[in-house]
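Participant: Generate a structure from the sequence data that follows.
(chains A and B)
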Amino acid sequence: MALTNAEFASILEDNSKEINGGIEWTEDEDHSPAVEFRVEIHSDVGWPLFVRGSYNRYAGTLSYMLILKTDGRIYGLDMGKDHHNPECTQVGEKHKHSWTEQFRDKEAYVPEDITTLATEPVAVWEQFCAEAKIKHVGGRLAQPPAVQEELLL
Amino acid sequence: MSVHMICQEFKANLSELFTCSEQGGYQRIRTPYLFPDGDNIDLFCKIEDDLITVTDLGETTRWLRMQSVSLRRSPKQLKLIEDACLTHGVEFYRGMLLARCRPGDSLAAVVIRVAQASLRVSDIWFTFRTRAVESIVDEVADYLSEHQFHFQPREKLAGNSGRGWTVDFHVRVPARSSLVYVLSTANRSRARAVVEHVTAAWFDLNHLAAGPEALHFVSLFDDTADIWSDEDFSLVESLSTVSRWSRPDEFADVLREAA
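Facilitator: Alright, predicted model coming up:
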């Protein structure tokens, strides 16, 4: 049974969502130009949730995604790439996917709460956590490591 | 509008669907093609000597990872990527899809090739279990096939009560055959109901677990999400062997060593 609108709203509004400790960026399984992290979210309700972060400085893209283990991505921020909504409107390079029963995670909107740029992943992370009601305690998100351009292409 | 005008209109406007802009040291081409969630596919061009490399800079596999619950791609997904690259003549290097535009080649044709490969690789998303296209039962069937188990899916069996039960797999190995129920739910509140259904099935089918060709009962829990409680495992444990999908090799051993 797919996630309902009410369940999604309750996940997003749940103030007890918490991430503990520092977060480091790591290479992905392909050693691609992007770096990423994955971190579990704890909450009083106990939804099986985690966040994936990914940053590709060459492509100029940054993403933070809230993933429910039973349903996949339910909410997330994308920067640096445009999005086409099911109603055939283009949303723009800064967009947030949000769950609905009708479109699952295909519909996106322009998030006014994100005011920093994709080139500032730490600042964007803080704004993302604030809006998604995720407390990040006991550490910070590290700056993404530099990548050696001559090894890329 | 005449047929001739349709062709003219199409040719005149096609290129407008692709837009170019600077991105770092690359020329970014925004294509009208979409990932399955509606994000546009972007490609990047880099000129070196008389070659132009056209690549997605790893954005397709990055997009796939960002939708995925799994830490790593499965061998099946890797095979699908290889196949898409082979079809479109694209190289897969460090997570990037790339093709070279050599002197005399059409840059537009190379861009379309890489874009098509990106589109096809992103369609691997449809094989993710959370997308409701592929289920855990499909995944288990793939695993059984890959490991050369002979099996019958969705076998309907009569219980002592006269009620019919559809088990997910009847797996045959030389030593002894097994019946397998896959326990899976997306909703924690439904977990106990799933377990009780399987417990009732094993109880009603217990006549099949006796005699010289006794069948072995296996309850395979999809524990990739933290849904189940200790009590759930205990309920089916007395009637069947409990196996966990997070440890597929142990599941295979349970089937092989059923005797």
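Participant: Tell me where the model's unsure across the chain.
Facilitator: This is for chain A. For chain A, the stretches with pLDDT under 70 are A:1, A:147-151.
Participant: wrong one, chain B
Facilitator: Low-confidence segments of chain B, defined by pLDDT under 70, span residues B:131-134, B:186-187, B:258-259.
Participant: Contact partners for the closest residue to chain A within chain B?
Facilitator: Closest approach between chain B and chain A, counting by C-beta to the nearest C-beta: B:G95, at 2.9 Å. C-beta coordinates here come from the backbone N, C-alpha and C atoms, glycine included. If you count contacts by C-beta atoms under 8 Å, 6 or more residues apart in numbering or on different chains, B:G95 has them with A:28-34, B:58, B:61-62.
Participant: Would you list the buried entries among those?
Facilitator: When neighbours are counted using 16 or more other C-beta atoms under 10 Å in any protein chain shown, these contain these buried positions: A:28, A:30, A:32-34, B:58, B:61-62.
Participant: which of those lies closest to B:V242?
Facilitator: B:V242 has its nearest neighbour among the buried ones among the contacts of B:G95 in A:D28, at 33.9 Å by C-beta to C-beta.
Participant: Just list the residues touching the spatially closest residue to the closest one that is not a sequence neighbour, thanks.
Facilitator: Spatially, and ignoring its direct neighbours in sequence, A:D28 is nearest to A:E36 (5.2 Å; C-beta to C-beta, 6 or more residues apart in numbering or on different chains). A:E36 makes contacts with A:25-28, A:52-55, B:62, B:65, as judged by C-beta under 8 Å, 6+ apart.
Participant: And the helices in chain B?
Facilitator: Along chain B, the segments classed as helices by DSSP state H run B:3-14, B:59-67, B:75-88, B:107-122, B:136-146, B:191-204, B:230-237, B:248-256.
Participant: returning to that earlier point: so of the buried ones among the contacts of B:G95, which two are at opposite extremes in space?
Facilitator: Of all the pairs that the buried ones among the contacts of B:G95 form, the one spanning the most space (C-beta to C-beta) is A:P33 and B:T61, at 10.6 Å.
Participant: Could you pull out the residues contacting both of the two?
Facilitator: B:95-96.
Participant: Isn't B:W63 up against B:N40?
Facilitator: No: using C-beta atoms under 8 Å, B:W63 is not in contact with B:N40, being 10.7 Å away.
Participant: between the contacts of B:G95, which is closest to A:V110?
Facilitator: Closest approach to A:V110 among the contacts of B:G95 (C-beta to C-beta): B:R62, at 21.8 Å.
Participant: Quick check: that closest one vs A:V122, distance?
Facilitator: 19 Å (C-beta to C-beta, to the nearest Å).
Participant: Just the endpoints, please. Distance across stretch B:16-35?
Facilitator: When the termini of stretch B:16-35 are compared using C-alpha to C-alpha, to the nearest Å, they are 20 Å apart.
Participant: er, stretch A:66-82 actually
Facilitator: With C-alpha to C-alpha as the measure, the ends of stretch A:66-82 fall 19 Å from one another.
Participant: quick one: that stretch near chain B?
Facilitator: Yes: judged by C-beta under 8 Å from any C-beta of the partner chain, stretch A:66-82 and chain B are in contact via A:67, A:69-73, A:76, A:78, A:81-82.
Participant: Tabulate these (JSON lines), appending distance to B:D204, secondary structure and neighbour count.
Facilitator: Putting those into JSON lines (distance: C-beta to C-beta, whole Å; DSSP: H, G, I helix; E, B strand; the rest coil; neighbours: other C-beta atoms under 10 Å in any protein chain shown) gives the following:
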{"residue": "A:I67", "distance to B:D204": "38", "secondary structure": "strand", "neighbour count": "24"}
{"residue": "A:K69", "distance to B:D204": "32", "secondary structure": "coil", "neighbour count": "17"}
{"residue": "A:T70", "distance to B:D204": "29", "secondary structure": "coil", "neighbour count": "25"}
{"residue": "A:D71", "distance to B:D204": "32", "secondary structure": "coil", "neighbour count": "23"}
{"residue": "A:G72", "distance to B:D204": "35", "secondary structure": "strand", "neighbour count": "21"}
{"residue": "A:R73", "distance to B:D204": "40", "secondary structure": "strand", "neighbour count": "22"}
{"residue": "A:G76", "distance to B:D204": "45", "secondary structure": "strand", "neighbour count": "25"}
{"residue": "A:D78", "distance to B:D204": "50", "secondary structure": "strand", "neighbour count": "26"}
{"residue": "A:K81", "distance to B:D204": "53", "secondary structure": "coil", "neighbour count": "25"}
{"residue": "A:D82", "distance to B:D204": "56", "secondary structure": "coil", "neighbour count": "20"}
